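>>> Using only what follows, build the 3D model:
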Amino acid sequence: MNKERMPLQVWILTLAAFAIGTAEFVIAGILPQVANSLSISEGQAGYLISAYALAIVFGGPVLTIYLARFNKKTVLAGLMVLFIAGNLLSAFAPNYLVLMVSRVITGLVQGPFYGIGAVVATNLVSEKMAGRAVGQMFAGLTLANVLGVPGGTWIGLQFGWHTTFLTVSAFGLVALFFITTVIKSSGHGEAKDVKAQLMAFKNPMLLISLAITVFAWSGFMTLYGYLAPIAMHITGFAEDSVTWILVIVGVGLIIGNTLGGRSSDKNLQKASMFWAIAMIASLILVGLAIENKVMFIAAAFVFGIASFANVPAMQLRVMNHGGEGQELAATANISAFNLANAFGGFLGGMVIDSQMGAGMIPYAAIVIPLIGLLLIAKANRRESRLAALKPNLGR
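Numbering: from 1, shown residues only. Prediction:
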C-alpha cells in the first residue's frame, strides 16, 4: 500500500536534484560578476558552463559504470559529499583555473546522481507510479530553474558570487543529512560487472531511446538559453523583467513535469509522441507571438509546460530498455540531455549572431526535434511489434 504514495525518500532525492540543478544553471546569472572579479572576459567565464556540461557528458557514464556495484545509499551520499566539496572549492576559488577545476568536479556528480537516483526512486514505488517518481525527482531540476537560479543570482548581487556557491553547498549539506538518515540501503552485493552493463547498449531500442533525447530535446535550450535577448531585443521588455519571465516559464516547467510523469505512466508511447509534437507547436507559437508582450509571455509559459513534459517520458523509455545496465542507461540519458543542451545553445548562438537575428530562434529550434519525432514514431512501432511477439511477458 505504501508504494501507492510518493515516499519521503523521493522528496529527498528531489531536494538533492534541486541543489545540483541550481549549481549547474546559476553560473549564467552570476557570469558578469565572476568575470569582473577574476579579471577574465565573459566569454572565458562562459567556458565554466561548457566545462560543467562536458563533465556530465563524459564523466557521468564512466563514474556510473564504476559505482553501480556499490550500495546505492552509500553512492548517493558519497556523490553529495563530492558535490559539497566542489561547490566549496568554487566559493573559495582564488583564480580562474581553480574555479574551472571546481566546476568539473561538481559536474561529475550530476550524471551518476540523477541516473542512480532515478533507479532508486522507481524502486521505492509501484510500477504504475514509476513515471511519476522519476518526474518527482526531476521536479528538483525544474525548481532549480524557478527558484534556485533567480535566488542564487540575487544572493550573488547582494553578497557576492562566492556566497552563491556557499549557499548551494549548504543545500547539498541538508540533502546529505537526509540521504544518510532517511534513505534505506539497497544494492548490497549486486555487483554488476562492467561487461553486463555495457551489453545493454547492444540493444537497438536503448540506442534509439537515447537518440530521441538528443534530437527531440535540442529545441528546449535553443529557445530557453536565449529567452532573455529575445524578450529584450524583439518583444521590448526591460532587462529587469527577464527574471520574472524566466520564473513564469519555470512554473510552466513544473506543471509540464507533473503532466509528463502522469501521462507517461498511463501510456508511454502516446505520451512521448504527444509531448514532442506539443513542444514543436509551442516553439512555433512563441515565434508567432514574439512581437506582442502578453502573447509572448503566454506562449513562453506554454513552451515551459510542453517542453518539460517530455522529460519523464524520455527518462522512463531509456530505463525500460536499459536491461542489466539500467543505472548506466539512465546516466547516459543525462549525458544525452546535456549534449542536446550544448547543441541547442550553439544553434541559438549561431542564429542570434547571423542576419536572421533573435526573432528566428523559435523557428530554428524546431528543425532538430522534427528528427526526434521520426525516431519516436520508429521506437513506438518497434515496441508495439515486440509487445505483440511477447504477449505473455511483462515488462
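
>>> Only C-alpha atoms from now on, for both contacts and neighbour counts.
Noted.

>>> Where does pLDDT dip in this protein?
Along the chain, segments meeting pLDDT under 70 span 1-4, 28-29, 31-32, 41-46, 185-194, 239-240, 390-395.

>>> Walk me through the domains of it.
1-191, 193-395 (automatic domain parsing).

>>> Format these as TSV; extra columns: mean neighbour count.
As requested, the domains of the chain are exported to TSV (neighbours: other CA atoms under 10 Å):
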stretch	mean neighbour count
domain 1-191	21
domain 193-395	21
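
>>> which ones are touching the residue lying closest to residue 321 once chain neighbours are set aside?
Leaving out its chain neighbours, the residue that sits closest to residue 321 by CA to CA, 6 or more residues apart in numbering is residue 206, at 5.2 Å. By CA atoms under 8 Å, 6 or more residues apart in numbering, the contact list for residue 206 reads 200, 318, 321, 322, 329.

>>> what's the offset of the helix or strand where residue 211 lies from the middle of its chain?
Taking DSSP states H and E as the definition, residue 211 sits inside helix 204-224. Between the centre of helix 204-224 and the centre of its chain there are 12 Å (CA atoms, centre = their mean, to the nearest Å).

>>> how much space is there between residue 93 and residue 102?
As judged by CA to CA, to the nearest Å, residue 93 and residue 102 stand 8 Å apart.

>>> swap in residue 278?
38 Å.

>>> Residue 382: which of the contacts of residue 206 is nearest?
residue 321 (12.1 Å; CA to CA).

>>> Surely residue 27 is in contact with residue 50?
No. Residue 27 lies out of contact with residue 50 (CA atoms under 8 Å); the separation is 10.9 Å.

>>> returning to that earlier point: what about the contacts of residue 206, which are in helices?
Residues of the contacts of residue 206 located in helices (DSSP state H): 318, 329.

>>> farthest pair in the contacts of residue 206?
Farthest pair in those, by CA to CA: 200 and 318, 10.7 Å.

>>> what is in contact with those two at once?
206, 329.

>>> Does anything pack onto the helix or strand harbouring residue 275? Which helices or strands?
Using DSSP H and E, residue 275 sits within helix 268-288. Judged by 3 or more CA pairs under 8 Å, 6 or more residues apart in numbering; DSSP states H and E, helix 268-288 is in contact with helix 204-224, helix 242-266, helix 293-308, helix 310-320, helix 361-364, helix 367-389.

>>> and residue 53, what does it touch?
By CA under 8 Å, 6+ apart, the neighbours of residue 53 are 107, 338, 339, 342.

>>> and if we set it to 7 Å?
Counting by CA atoms under 7 Å, 6 or more residues apart in numbering, residue 53 touches 107, 338.

>>> For it, give its distance to residue 157.
From residue 53 to residue 157 the distance is 24 Å (CA to CA).

>>> What sits closest to residue 20 if chain neighbours are left out?
Closest to residue 20 by CA to CA, 6+ apart is residue 110, at 6.6 Å.

>>> is it true that the one you found touches residue 56?
Yes. Using CA atoms under 7 Å, residue 110 is in contact with residue 56, at 6.2 Å.

>>> For the helix or strand where residue 86 lies, which outside residues touch it?
Assessed by DSSP H and E, residue 86 sits inside helix 72-91. Contacts with helix 72-91, where a contact means CA under 7 Å, 6+ apart, come from 67, 99, 102-103, 105-106, 109, 113, 162-163, 165-166, 168-169, 172-173, 176, 179-180, 183-187.

>>> ditto for stretch 293-306
235, 245, 248-250, 252-253, 255-256, 275, 278-279, 282-283, 285-286, 289-290.

>>> if you set the cut-off to 8 Å instead, what comes out?
Contacts with stretch 293-306, where a contact means CA under 8 Å, 6+ apart, come from 235-237, 245, 248-257, 275-276, 278-279, 282-283, 285-286, 289-290.

>>> now it: how far from the chain's centre is it?
20 Å.

>>> ok, now which ones touch the nearest residue to residue 222 once chain neighbours are set aside?
Using CA to CA, 6+ apart and skipping the chain neighbours, the partner closest in space to residue 222 is residue 344 (4.0 Å). Shown in contact with residue 344 (CA under 8 Å, 6+ apart): 218, 219, 220, 221, 222, 223, 225, 365.

>>> Tabulate those in CSV, adding columns for distance to residue 81.
As requested, these are arranged in CSV below (distance: CA to CA, whole Å):
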residue, distance to residue 81
218, 31
219, 33
220, 31
221, 29
222, 33
223, 34
225, 30
365, 37
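
>>> of those residues, closest to residue 150?
Nearest to residue 150 among the contacts of residue 344, with distances taken as CA to CA, is residue 225, at 14.6 Å.

>>> Can you give me every residue that contacts the closest one?
Counted by CA under 8 Å, 6+ apart, residue 225 has contacts 344, 345, 348.

>>> isn't the second one right next to residue 222, touching?
So that's residue 345. Yes. Using CA under 8 Å, residue 345 is in contact with residue 222, at 5.3 Å.

>>> Between these two, which contacts overlap?
Contacts common to residue 345 and residue 222, judged by CA under 8 Å, 6+ apart, are absent.

>>> where does residue 125 land in three-state SS?
Here residue 125 is recorded as coil under DSSP: H, G, I helix; E, B strand; the rest coil.

>>> backbone phi and psi for it, please?
Here is the backbone geometry of residue 125 (degrees, to the nearest 10): phi -130, psi 170.

>>> my guess is it contacts residue 10, does it?
No. Checked against CA under 8 Å, the pair residue 125 and residue 10 is beyond contact range at 9.2 Å.

>>> Now do the shared contacts for those two.
residue 133.

>>> Could you list every helix and strand in contact with the strand or helix carrying residue 98?
Element membership for residue 98 (DSSP H and E) is helix 96-123. If you count contacts as 3+ CA pairs under 8 Å, 6+ apart, helix 96-123 packs onto helix 8-37, helix 42-54, helix 60-67, helix 72-91, helix 130-143, helix 326-353.

>>> Make a markdown table out of those helices and add distance to residue 386.
Formatted as a markdown table, the helices and strands packed on helix 96-123 follow (distance: least, CA to CA, whole Å):
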| stretch | distance to residue 386 |
| --- | --- |
| helix 8-37 | 32 |
| helix 42-54 | 35 |
| helix 60-67 | 28 |
| helix 72-91 | 32 |
| helix 130-143 | 21 |
| helix 326-353 | 19 |
